[in-house]
Structures are given as structure tokens and as C-alpha cells.
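Asker: I would like the atomic coordinates for the input below:
(2 chains)
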Amino acid sequence: MLKIENLTKKYGDKKAVDSLSLHIEKGEICGFIGHNGAGKSTTIKACCGILNFDEGEIYVDGISVKKEPLKCKSMIAYIPDNPDLYEFMTGIQFLNFIADIFGVSAEARQERINKYATDFSILKNLAQPISSYSHGMKQKLAIISALIHEPKLIIMDEPFVGLDPKASHRLKEIMREMCDKGAAIFFSTHVLEVAEKLCDKIAIIKNGQLIRTGEVEALVGDTSLENVFLELEEEK
Amino acid sequence: MTKALLKKQILEVFSWLYVNRKSGKRRQGSGLIGYVLLYVIVFGYLGVTFYFLADTMGDAFISMGFGWLYLTIFSLIAIVFGVLGSVFNTYASLYRGKDNDFLLSMPIPPSKILFARLCGVYAMGLMYELVVMIPAVIKYLTVARVGVLGVVFTILIPFVLSLFVLTLSCVLGYAVAFFSSKLKNKNFVMVGLALVFIVGYFFLYTKVVNYLMDIMTDPSNVAGKIKNVLFPFYHMGLAAEGKILSMGIFTGIFIALFAITWFVLAHNFMKLATTEKGEKKKEYKEKKAKAAGYGSALLRKEFKRFIGSPTYMLNCGIGCILTVIAAVALMIKKDTVVEFTKLLAGAEGVMVLIGVAAICIIASTNYITAPSVSLEGKNIWLLQSLPVDAKDVLMAKLKLHLLLSGIPTLILSFAIIAVLGPSLMGSVLIVLSALIFVCLSAVWGLFLGLKMPNLKWTSEVVPIKQSMPVLLALFGGWAIVLAFGGVFYLLRDTLFEYPLLYLGFVDIVSAALSVVLFCWIRKKGAKIFAEL
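Answerer: As a prediction, the model looks like this:
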């Protein structure tokens, strides 16, 4: 579903991402781990078509992000680490805006908004302006807006930050449900425990380079992901 | 503790002077000196203007024994100036202080916090008030023959007066805070209030000269009426002559008024500072969802952005309302305009040109597209990550401008046609020219917005009021009108016979320019937007 081939992104002379290659199959949840400034957000933004890159290619379901960005974007949902949403809209206006952009029918959007807004305990707040929302509520709204068009690929940057335990738990369930239906999820996180329990695959990035990737069981073995991560950090 | 609080408050109140609002960084060196100089020039210019007014009135009033009336008039102007300058600061610092929670969490008595905040408001009010009072006092002291006590009291008067400014600012600031927490559709109410203020200002401005003339021709009659109504100011005038009792009455009244305000505020400060003023939260009730097209979703998003900000509406779209007001005023004052047109009898085409120029000048005050790219700000990731073509986003921005500016402009065009009664060709050209100009200003504004985007603002005031695209969009529109008008004037010997032909030529040039800019926006502009 997501194929990153030799991705390189430079900021001036510095390589933020260096020849990174990663494949995520349909139905897979891939956790993206690395220290601050390792290149996680740069990679994620490049995958979503909101950041140009210098070398390499990214394919979403076989379609090049560089050549056909709109086709790719119509299959993707992106949730940034700090979602700045349209504060001049109410929650429901924002969800309808996103649904209109993706051409979601009236019936389908009504059903999904009700379902997810109830799941995330935000239904009653949808008539309020987004400017009055807390960080967590904005995060929940961003997640609902990402799910409203049933994307094939969900890309998230630190999706659990700001979520209350119940919402966090529900999001994990939804992620698994989406993947069971054939979607793929690629998300960054600093919470290694979540990555270990939730993901099928883990990719560890350090200084712009992918230093380890593989299935969770194979990667972790008898130890914990935290130990693996710390060992790798010390090694290089 | 009080000293530290006062220092913090004064730094906060005057932060606009040494902190760059665009970058959030501290101004230093030549930047700071230049900025201070700019304000010195602006305040100096206002001071000189008030001095000329004082010079005109001072000699006559003081020599006739109406020195108190002279000081009263300037005090009232100073109060208006001071209150307008400090009322919003009162609202922000006293009733909506962002650091209330922080300060209240420390072992500081609330009365000290209140005192420091009021000192900040006092300083702000005094600054504005002195712009009026310094010239007035200088003139007074150079003309009036007062003793040492009179000089001392005259110098003290502005400082006592500022207590009254502070009292009024506290009361009005509370009203602003109260209404802003209670009102629904705040944005429209604020735009409405601003419009009422603008209309009221122009009304007063036109009337004030008449009032001053009345006072100057028959001061004793006016003085007799004012003496009783504004007796504290009467005593202020007498205090300036050195009368101790009057100084006591004047100071006593203003101190008493402030003491009442202090008493009320001190007893309610904790409540004011700690009560959540949020509106009653509206609960979502499920309605049948409606799906809309992709284009209409983008247009609606632009419209909501526009009506979601009173600053945006007032600064970039005020012309939409002014155009309709102009059309109505034109119909009401039709006879006066028709009388004026008789001066140009036989030059119907020139009247059409003047009418079109008037429409264009008013339409130039709409520059909705100019800040629209920068206004995406931190939200830009949304449009960039959605399956939306940058071209379509830009077209939605253009459409909003064309709709909001085009319809009122059409109304004004028809009003001008109804009043001037031009030929068919003249009528067609008025409508055509107006619409072409609206198109030109829309694409011109968007072109500027794309050429000079700024997504890193922290306050939307920066792209809306303090950006180069906005400045160039407003003055650029006027410059175009002036340029075409200038050409007509310079070649008047030839063109006076063919004004409609000239207007047709202007339309062709404007339309061609619009098409060029439109094509640029769709190709290069869309690329720039996608890569922002």
C-alpha cells in the first residue's frame, strides 16, 4: 500500500532523510520510531505529498506521489502531530467540509460522524466553534475527519498525544478494524509500549537513516522494544 | 512586590513599541530607534495639529475671560482621545488578563495586581491625553496671566484629568467585556459597531466645526449653559487661574469617581479574574446531513473565513457595505448631484468618467483576496494534504471577492446610471468598467498575496493590516484610477471630445491586465501555493 524507495530529503546541505526505503502492505500497522529530529515528520510529510523531496519515489497503492499527488491524496488520511484546524468553523462544519472535499455521500457521512463522534465522546461538542476546543478535542476531530472518507492509507504523526485513555483505547481498536478491512496505517510514536503491542511492523529511524525494520516479534525477540531501541541508539 | 508588578505592567502595556509583532522578536538598535521615531513623528504631528487649534481658540477665549471654557473644550477632546486609546487595553489587561491565573497562583494580594493593572491603563490613557493637553496647556500658559499657583495647577490638571479617563476606561472596558461574553454573532455586532462608530465620527467631524463656530461667536451664551452641566470642568478652569478651592473641588470629584470605581473593582476583581466568561455552550443536535460539491465546499470555507473575523471584514471588505451606503446616499441626494452635473452640461461622457472613477475608488477598499493566502497560516497543511488542486483553492478565493465586491458595485453602478441618466452606451460602459475593475482588483490582490505570502504570523492582524500585499492592493487600486485619470487630464484637449472612447480603451487595458494576472495565478500562482 505504501512503498517508499530511497527517499532523500535535504535542508540545505543537511540530509534530513537519507535513502530511506520502507514497504507497508495492506492490512499492516507500521510504527515509526526515532528520537526527536530523526526525520520522522519529514518522511511522513513527504508520504502525504505536502513536502517535496530531492531523491527517491513514494508510491501509494502503486501510484506515484510525485506524479499524481491528487490521486494519492484521495486515498490517504493524514493527521499531524499538532492539528491546526479551521478555528472559524464549528466541529460539524469542519467534518462536512472534509466530507465534501472527498465526495462522501450525505448518508455515509451522517452515519460515520455519529459513530466516531460518539466513540470519541465529542458528539455534543460538534456545534461549537473549533476555537473553543481543547487540544485533545481538536485531536479527536482530526481523527474523525481522517476516518470520514474511509481511507486506504492512514498516516499519523504522534496520534496518541493529547488523547484521554478512553479515546486512546478506542483509536487503537479503530486502527485494527481499519486494517482488518484492508487499509494500512503508518504512524510515528514515542510511546514504545504502544508500538510494541499495536504494530505489525516497526521501523526505527536515526539521523535520517532507517536503522532497523521488520515484524515486531522478529525485531523484539525475548527482550522489549524499549531495550532494542536503546541498544540501537547507543550502537550508532 | 508592587514595584515588580508595576514594572511588568508597564513593560506589557508598551510592548508594542519594542516587540515586533510580525516576528515576536525584540526590536534592537536602529530598528527600535526608527520605530520610536515613527511614533514621535505621528504623535508630534497630532500635537502640532492640536496646537494650531489651541492657537486659534486660545487668544480669543482667554482674552474674553473664558479661559475655563477653552480648557474645558480641550479637556473633553483629551478625554475622548484618552478613552479611545486605552479602553481596549483596559479590556485586555484588566478583564481578560492572560496572566491572571499565573499571578493569582502566587502569594500576591489581588489588590496589588489590580493596582498594577490600573497603573498600566492610567499610563496608556495619559499618553494619549497629553497629545491634546500639552499643546493646550502651553498655549494657555503663554496667554493667560496666572500666578505661580495657577501654573502649578495648570500643569497638574492633565494628570488629574487622566484619573477620569481611567474611570471611564474601566467602565467602558467592563461594558466591552460584558457584551462580548453575552452576545451571539459577535463578529457581525463588532462590524456593526465599528460602522456606527465610523458614521458617528464623520457626523461629529462635520458638526464639530459648526459647534466651535457657535461657541466662538457667542461664548457667553454657551458658557452659561456648560457651566452648570459640566461644573467639574468649570472648576478645573478656575483652578488653572490659581483658585485653591476650585482645584480641591475638581480634584475631589475625579478622585471620588475613581474611588468608587476602585471600590467596585477591588471587591469584584477575584470574581472577574477567576470566572470563566465562556458563552453557554451550544449542544449539537443531529440534522440530516447535506452533501455539497467540491467547489462549493472551498467557496464556503473562504466565506466562513471572511465572516469569522471582524478584523478581516472591517479592513478588507468594508467597501462592500460602503458601496451600498454610497448607492443609497446617491439616490437620497439625487437632486444635489443633478445640480452638480449641470456644471458640466454638454459633457455627459465626462460625468460618466467621474462616476466610474468614484465606483473604482470605493471598490478599491475591497481587497479580500490580498491577505487570503497568508491567512491560511498554520492551516495550510490541510489544503495541501487534501486531494484539492491548488488552482481550485485560488479560484474559490477569487470567487468570494467577485461575489462580495461585485454585487454591491453593480448596485452602485445602477444608482449612478439612475442619477446621471447617461446614454445607452454610457450606461453599458459604467456597468462594464465597474465589473472589470472588480475583476482586476481581485486578481491583483491575489497576485500580491501569492508573491508575498506570510504564513508565520501569530496574530491575524499582521496579514490583514500590516502586510505589503494589503497596502499595495489598496493603494494600487487608487493608483490605477489616478493613472487613467491623469492621462485623461494631460490629454484633455484631445480626449475631452471622446470620453467614452477613452473609457472603452481603459476597459480593454484593464481587462487585458486582468486576463494576464488570471493566467499567471492559474499556472505559476497555483504552483507557488502548492509549495508554500
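Asker: doesn't B:M124 fall inside a strand?
Answerer: No - using DSSP: H, G, I helix; E, B strand; the rest coil, the secondary structure at B:M124 is helix, not a strand.
Asker: that one: neighbour count?
Answerer: 25 (other CB atoms under 10 Å in any protein chain shown). Every C-beta, even on glycine, is put in place using the N, C-alpha and C of the backbone.
Asker: for A:L7, helix, strand, or coil?
Answerer: strand.
Asker: so what sits opposite it in the bridge?
Answerer: A:L20 (DSSP bridges).
Asker: state the helix or strand in which B:V515 lies.
Answerer: B:V515 belongs to helix B:499-520 when assigned by DSSP states H and E.
Asker: same question, A:I58
Answerer: A:I58 belongs to strand A:55-60 when assigned by DSSP H and E.
Asker: now do that strand: which elements does it pack against?
Answerer: On a contact count with 3 or more CB pairs under 8 Å, 6 or more residues apart in numbering or on different chains; DSSP states H and E, strand A:55-60 meets strand A:2-11, strand A:14-24, helix A:40-48.
Asker: quick one: residues contacting B:L448.
Answerer: B:L448 makes contacts with B:A370, B:M468, B:P469, B:L472, B:A473, B:G476, as judged by CB atoms under 8 Å, 6 or more residues apart in numbering or on different chains.
Asker: look up how far B:T365 lies from it.
Answerer: 16 Å (CB to CB, to the nearest Å).
Asker: and B:F66, by the same measure?
Answerer: Applying CB to CB, the value for B:F66 to B:T365 is 42 Å.
Asker: go ahead and flag the most central residue of chain A.
Answerer: A:M156 (1.6 Å; CA atoms, centre = their mean).
Asker: the closest residue to that one other than its chain neighbours: neighbouring residues, count only.
Answerer: Using CB to CB, 6 or more residues apart in numbering or on different chains and skipping residues adjacent in sequence, the residue nearest A:M156 is A:F187, 3.9 Å away. By other CB under 10 Å, 23 other residues sit near A:F187.
Asker: so A:F187 touches A:L153, yeah?
Answerer: No - with contact defined as CB atoms under 8 Å, A:F187 does not count as touching A:L153 (11.0 Å).
Asker: and A:D84, that one's in a helix?
Answerer: No - secondary structure of A:D84 (three-state DSSP): coil, not part of a helix.
Asker: show residues contacting the lengthiest helix in chain A.
Answerer: When chain A is parsed with DSSP state H, its longest helix is helix A:165-180. Contact partners of helix A:165-180, identified using CB under 8 Å, 6+ apart, comprise A:27-29, A:116, A:119-121, A:136, A:140, A:143, A:147, A:154, A:159-160, A:163, A:185, A:194, A:198, A:200.
Asker: okay, it in CSV with CA atoms only?
Answerer: Output of helix A:165-180 as CSV, limited to C-alpha atoms (Å, rounded to 0.1, in the frame of the first residue of the first chain):
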residue,chain,number,x,y,z
PRO,A,165,-7.2,7.0,27.9
LYS,A,166,-10.7,6.1,26.6
ALA,A,167,-10.1,7.8,23.3
SER,A,168,-6.7,6.3,23.1
HIS,A,169,-8.0,2.9,23.6
ARG,A,170,-10.8,3.4,21.0
LEU,A,171,-8.3,4.7,18.5
LYS,A,172,-6.2,1.6,18.8
GLU,A,173,-9.4,-0.5,18.2
ILE,A,174,-10.3,1.5,15.2
MET,A,175,-6.8,1.2,13.8
ARG,A,176,-7.0,-2.5,14.0
GLU,A,177,-10.6,-2.5,12.5
MET,A,178,-9.4,-0.4,9.6
CYS,A,179,-6.5,-2.7,8.9
ASP,A,180,-8.7,-5.8,9.1
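Asker: I'd like the distance from the following helix or strand past the strand holding A:I58 to the chain centre, please.
Answerer: The helix or strand immediately downstream of strand A:55-60 is strand A:63-64, counting by DSSP H and E. Its chain's C-alpha centre and that of strand A:63-64 lie 18 Å apart, by CA atoms, centre = their mean, to the nearest Å.
Asker: then stretch B:366-386?
Answerer: Stretch B:366-386 sits 24 Å away from the centroid of its parent chain (CA atoms, centre = their mean).
Asker: just stretch B:424-443 next, same as before
Answerer: 29 Å.
Asker: repeat for stretch A:76-88
Answerer: With CA atoms, centre = their mean as the basis, stretch A:76-88 stands 11 Å off its chain's centre.
Asker: start and end of it, how far apart?
Answerer: End-to-end distance of stretch A:76-88 (CA to CA, to the nearest Å): 25 Å.
Asker: follow-up on the earlier one: quick one: strands adjacent to whichever helix or strand comes after the longest helix of chain A?
Answerer: Toward the C-terminal end, the helix or strand that comes next after helix A:165-180 (DSSP H and E) is strand A:184-188. For strand A:184-188, the paired strands and their directions (DSSP bridges) read strand A:29-34 (parallel), strand A:153-157 (parallel).
Asker: a markdown table for those strands, including distance to B:H267 and mean pLDDT?
Answerer: Shown next, in a markdown table, are the strands paired with strand A:184-188 (distance: least, CB to CB, whole Å; pLDDT from 0 to 100):
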| stretch | distance to B:H267 | mean pLDDT |
| --- | --- | --- |
| strand A:29-34 | 56 | 89 |
| strand A:153-157 | 49 | 91 |
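Asker: buried residues of the longest helix of chain A, list them for me.
Answerer: Neighbour counts over helix A:165-180 (16 or more other CB atoms under 10 Å in any protein chain shown) mark A:A167, A:S168, A:R170, A:L171, A:K172, A:I174, A:M175, A:M178, A:C179 as buried.
Asker: just give me the neighbour total for A:N114.
Answerer: A:N114 - counted by other CB under 10 Å - has 14 other residues nearby.
Asker: right, I mislabeled it, should have said B:I380
Answerer: 18.
Asker: what helices and strands are in contact with the helix or strand that it is a member of?
Answerer: B:I380 belongs to helix B:380-385 when assigned by DSSP H and E. Contacts defined by 3+ CB pairs under 8 Å, 6+ apart place helix B:380-385 against strand A:76-79.
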